[in-house]
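In: Build me a model from this:
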Amino acid sequence: MDVIIDWLEKIRNLIQWSDPKMTQVFLILLVIVFLVITFLPMRFILQISYFYKFWKGRNWQKKRIANNQEVCRIELANFLQENKLEKVFMTYDDKWLDRVPKVMKRSEFEQRLLKYFQTTVKLFLPSDILTLCETPNKLIEYVGVTSTIVKLPMNDRNEDARRLNKNIRKKGTPLHWHLHNYIMSRIPSDLYLIRNPSLGLEIDPATGLQHVVATTSKRLVNANMFKGYDQKIENSQQVASD
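Out: Purely as a prediction, here's the structure:
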């Protein structure tokens with residue numbers, strides 16, 4: 001409820017020109033959109049949008065394979081770490097049958113591997129995956145050619161990989177979310193106008209008190225109506241000095 005009320009307050013302040021600079025930017029954007037929609041044929045706009053989608057998706061297959069391989073490599077490392085097997089497989093070129101029998105039964109390891117990938121990345125591997133893919137690298141290549149995008153689970157241990165690994169596919173921000181982010185991050189709410197008038201604080205040479213002024217930004221107009229603000233600043237400074 002607080003988020004909804006805050007968003008409605010920001011919309012009202014945007015319309016009422018509480019912050020002229022931000023409202024001007026928004027108005028210019030609306031004018032540009034209006035001119036584009038009015039004077040450009042809709043067929044031309046659709047052609048540009050389709051061309052952009054085809055141009056953006058020209059390397060989709062390569063990106064899908066790279067993403068799936070990276071997700072498999074990360075989750076395979078997590079699986080080995082959870083089962084305390086990371087030291088057993090020094091390289092991913094080692095064969096499963098040469099390393100697994102030293103620590104546990106093959107059937108048990110295979111069941112754990114299948115269950116882990118089913119629960120974490122929703123990937124159902126064949127029951128004879130150790131025979132089909134003799135090494136971890138071949139398993140990574142096998143998962144890489146999966147027809148769908150394998151998503152990396154969102155958890156703390158995968159946060160760095162999700163943020164820094166360029167091969168991990170990141171979901172794009174929808175167009176309407178840019179407008180939402182602009183309103184929530186750029187337009188001041190009523191509470192902000194009262195609690196953050198720092199841009200309009202000046203010291204009166206005669207009294208030495210700080211007072212609110214609206215010369216730098218009109219967003220401080222409501223803050224000027226905050227009764228007793230100068231006295232509260234003086235009292236807070238005296239308390240801090242004591």
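
In: wait, isn't residue 143 in contact with residue 68?
Out: Yes. Using C-beta atoms under 8 Å, residue 143 is in contact with residue 68, at 5.4 Å. Where you see a C-beta, it was placed from the backbone N, CA and C, and this is true even at glycine.

In: Could you name every residue contacting both of the two?
Out: When C-beta atoms under 8 Å, 6 or more residues apart in numbering defines a contact, the residues bordering residue 143 and residue 68 alike are residue 150.

In: Identify, by residue count, the longest helix of the chain.
Out: Assignment by DSSP state H gives helix 60-82 as the longest helix of the chain.

In: average pLDDT for that helix?
Out: Per-residue pLDDT over helix 60-82 has a mean of 92.

In: same check, this time on stretch 40-53
Out: Computed over stretch 40-53, the mean pLDDT rounds to 87.

In: what's next to that stretch, contact-wise?
Out: When contacts are defined by C-beta under 8 Å, 6+ apart, stretch 40-53 is touched by residues 36, 37.

In: circling back: same for the longest helix of the chain, what does it pack against?
Out: Helices and strands touching helix 60-82, as assessed by 3 or more C-beta pairs under 8 Å, 6 or more residues apart in numbering; DSSP states H and E, comprise helix 106-120, helix 136-144.

In: Looking at those, which one is packed in the most?
Out: Highest mean neighbour count among the helices and strands packed on helix 60-82 (mean count of other C-beta atoms under 10 Å): helix 136-144, with a mean of 19.

In: residue ranges of the helices in this protein, please?
Out: Along the chain, the segments classed as helices by DSSP H run 2-15, 20-39, 42-56, 60-82, 96-99, 106-120, 129-132, 136-144, 159-164, 175-186, 190-195, 221-224, 229-241.

In: Averaging pLDDT over each of those helices, report the lowest-scoring one.
Out: Among the helices of the chain, helix 221-224 carries the lowest mean pLDDT (a mean of 45).

In: How many residues are close by residue 162?
Out: Around residue 162 there are 16 other residues, counting by other C-beta atoms under 10 Å.

In: show me the contacts for the residue lying farthest from the centre of the chain.
Out: In terms of distance from the mean C-alpha position of the chain, residue 206 ranks first, at 50.2 Å (C-alpha atoms, centre = their mean). By C-beta under 8 Å, 6+ apart, the contact set of residue 206 is empty.

In: Local confidence estimate at it?
Out: pLDDT, residue 206: 76.

In: The one 3 residues further on too?
Out: You'll see residue 209 listed with a pLDDT of 62.

In: Could you do the one 5 residues further on as well?
Out: Confidence at residue 214, expressed as pLDDT, is 48.

In: Kindly report the same for the one 4 residues further on.
Out: Each residue has a pLDDT score; the one for residue 218 is 47.

In: How about the one 10 residues further on?
Out: According to the model's per-residue confidence, residue 228 sits at a pLDDT of 44.
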